[in-house]
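*Asks:* What would the 3D arrangement of this be:
(2 chains)
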Amino acid sequence: MSSVRPLISLIAILSLAVAACGPGATTPGPSTGPSAGTSTAPVSEEPSQPQVALAVGLGFIKSVQFAPFYLAEQAGYYEDAGLDVTFRHGTDYDVIALVGEGELDLGLADGTSVIPAVSQGIPIKYVATIYGRFPSVVFAKASSGIAAAKDLKSRKLGIPGRFGSSWVMLQALLGSAGLTPDDLQIVAYPDFGQGAAVTQDAVDAATGFTNNEPVQLRLTGVAVNVLRIDSITPLPGNGLIAGTAAIDSKGDAITGFIAATLRAMEEIREKPEVGLDAAIKEVPELGAARDTQAAILDATIEVWSGPAQEARGLGAIEPGDWQKSIEYLKTLDLVPNPVTTDDLIDTGLLPAGE
Amino acid sequence: MRRSAALSILVALAAFIAIWQLVVVVSGFPPFILPAPGAVLVRWATAWSAGTLTPHLLATLQEVALGFVVGAGAALLVGYALARSALIERLLSPYLVAAQATPILALAPLIALWFGPGLAGKVLICALIVFFPVAVATMVGIRSVDAGLLELGRSLRATRRQVLTTLEVPAALPSILGGMRVGVTLAVVGAIVGEWAGAERGLGVLINLARGSLFDIPLMFATLLTIALVGIVLYLVVVLVERRLVGAR
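*Replies:* Residues are numbered from 1 along each chain as shown, chains lettered A, B, ... in the order given. Reported below is the predicted structural model:
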């Protein structure tokens, strides 16, 4: 009898869980804030067309880097496009899984994650480039003497772990100098620890994001060298992804979302303070370090444009770069099942002219 | 009796797998959200045969073993001191409770920063998570020793060491080992949390790899399965030790 009771309890608990997971049991994400207008554009008093609901996944933590989304919402660009947008924050792999499952319509994800995800059967496509240049970099104090990939040989480098975009980037960077990870001492640090590790000289260099750790280090008065892989391997940076089912059912709405977001990006590129104000309105705590956030936003704006975006406008996707990235990720065993660029990208949702 | 116990375990396992499969079918979750048990078992088998799991498992076991020894060892000493000294209990208790209440997930990255991403930091994280349940169980166990027995020991001029080894420890052993049952499973949690804070190898690292780099969700579940088995085996080891020292309960 005593051995049966726990089993009955387990069945009861799991039955409740199944009922909760049944059709219709959805958990919509919270809105990021009021859609009140800013001084940059008027807000429609009443929506002129039926509002299409879009659930959008952004990065793990609310940040000034998401200023275009905050501005587009606050200025009413999404509403003008007939959209009712709700944002959710999650990690890269959570956003990809949720978009693939249909829990989210759109998400912001790293391009190098899209390739293995699609290869594993997750039904998503990359529909707009946000970061035209790959944001993951290696950075070091200028005083370390590390100014090129070859200088990393036998040095100590901090990394969050041997996974993710930073690991992919590092191997590409080292490969360009004929090096492998075994040619240096790689030290695993927690995600936010690499900047501190470089500052304290616990490591000679570290991986980070061009609009984060190097910026923070420079603000302390330290000269920083940044090593990028854009000219080595054109890895796809962060961009908007959509589930294939959402593309079929809400294609026009997704195009409207992309157009509104790119509009906000253009405005911020023209006048960064507009983006900074929108971000601070969304996350008031950012206002406590306005100069720092302004520097991060400036660094973020810099990576929005790569060669493809300079030629064809913000958001443009370059299929040739994706093909090269597939070939490169195959060498890292990150493409277990074959994929083509058509499996990965959909350029048809970009606003006309992109 | 043993046959019926084994049978009930097998029935429970079969029911768990059946319910899992039922949830997969009823919920309609795709494999990259909730893979079916069969897919996970197949992936587990292929991960073992390909040697994917072994190095990570060994790394985690090393952290768990060292962390448990350090944490439980310190806990036994502190627990005894808490039981036998009201002053020490008054001084230390607030800090011990505060340390336990602070989420280890928040402390782990800081420990990795202070002690580096090597083995020492992970052993410390494991030890911290093991410490509290074993210390409390030791304190409770020592305090529960019959005062009459202690009086008898003193009247027979037993030395402090004799009182400890022949009266206090044997009487407190059931409670101490109960705390160790909890502690050893928490040590596995501590090792995984420590690896998430920065590590080259370990089952926690493999979870991140499977989920964040490979998008191989069956491998992630296979790793979770391995972690669960490690916890079960270690728990059973403590149970066997308990039966040997205290008898079946």
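
*Asks:* Figure out the helix or strand that the residue nearest to residue A:212 when sequence neighbours are not counted lives in.
*Replies:* Distances taken as C-beta to C-beta, 6 or more residues apart in numbering or on different chains put residue A:296 closest to residue A:212, at 6.8 Å, once the chain neighbours are dropped. For glycine as for every other residue, the C-beta is placed from the backbone atoms N, C-alpha and C. For residue A:296, the host element (DSSP states H and E) is helix A:290-304.

*Asks:* buried set for that helix?
*Replies:* Residues of helix A:290-304 classed as buried: A:293, A:294, A:295, A:296, A:297, A:299, A:300, A:301, A:303, A:304 (neighbour count, 16 or more other C-beta atoms under 10 Å in any protein chain shown).

*Asks:* same question, stretch B:9-18
*Replies:* Buried-residue list, stretch B:9-18, by 16+ other C-beta under 10 Å: residue B:12.

*Asks:* still on that earlier bit, report pLDDT for the residue nearest to residue A:212.
*Replies:* On the pLDDT scale, residue A:296 is placed at 95.

*Asks:* check contacts around residue 64.
*Replies:* Using chain A here. Residue A:64 makes contact with A:275, A:276, A:279, A:283, A:286, A:293, A:296, A:297, A:300 under the criterion C-beta atoms under 8 Å, 6 or more residues apart in numbering or on different chains.

*Asks:* Not quite, go with chain B.
*Replies:* Applying C-beta under 8 Å, 6+ apart, the residues contacting residue B:64 are B:126, B:184, B:187, B:188, B:190, B:191, B:230, B:234.

*Asks:* got it, and residue A:322?
*Replies:* A:111, A:126, A:236, A:341, A:344, A:345 are the contacts of residue A:322 under C-beta under 8 Å, 6+ apart.

*Asks:* Give me the neighbour count for residue A:60.
*Replies:* Look at residue A:60: counted by other C-beta atoms under 10 Å in any protein chain shown, it has 12 neighbours.

*Asks:* That one reaches residue A:88, doesn't it?
*Replies:* No: here residue A:60 does not reach residue A:88: they are 10.8 Å apart, not a contact under C-beta atoms under 8 Å.

*Asks:* which bits of the stretch 151-300 of chain A sit near chain B?
*Replies:* A:160-164, A:167, A:186-193, A:196-197, A:202 (C-beta under 8 Å from any C-beta of the partner chain).

*Asks:* For the closest residue to residue A:187 other than its chain neighbours, list the residues it contacts.
*Replies:* Spatially, and ignoring its direct neighbours in sequence, residue A:187 is nearest to residue A:158 (5.1 Å; C-beta to C-beta, 6+ apart). Going by C-beta under 8 Å, 6+ apart, residue A:158 touches A:186-189, A:193-194, A:197-198, A:202-203, A:205-207.

*Asks:* tell me the secondary structure for residue A:158?
*Replies:* strand (DSSP: H, G, I helix; E, B strand; the rest coil).

*Asks:* now it, which residues is it bridged with?
*Replies:* residue A:187, residue A:206 (DSSP bridges).

*Asks:* and the residue nearest to residue A:212, how far is that from residue B:192?
*Replies:* Distance, residue A:296 to residue B:192, by C-beta to C-beta, to the nearest Å: 32 Å.

*Asks:* can you check residue A:116 too?
*Replies:* Counting by C-beta to C-beta - residue A:116 and residue B:192 are separated by 23 Å.

*Asks:* what's the answer for residue A:184, then?
*Replies:* Per C-beta to C-beta, residue A:184 is found 27 Å from residue B:192.

*Asks:* now swap in residue A:312 and tell me
*Replies:* For residue A:312 relative to residue B:192 (C-beta to C-beta), the value is 46 Å.
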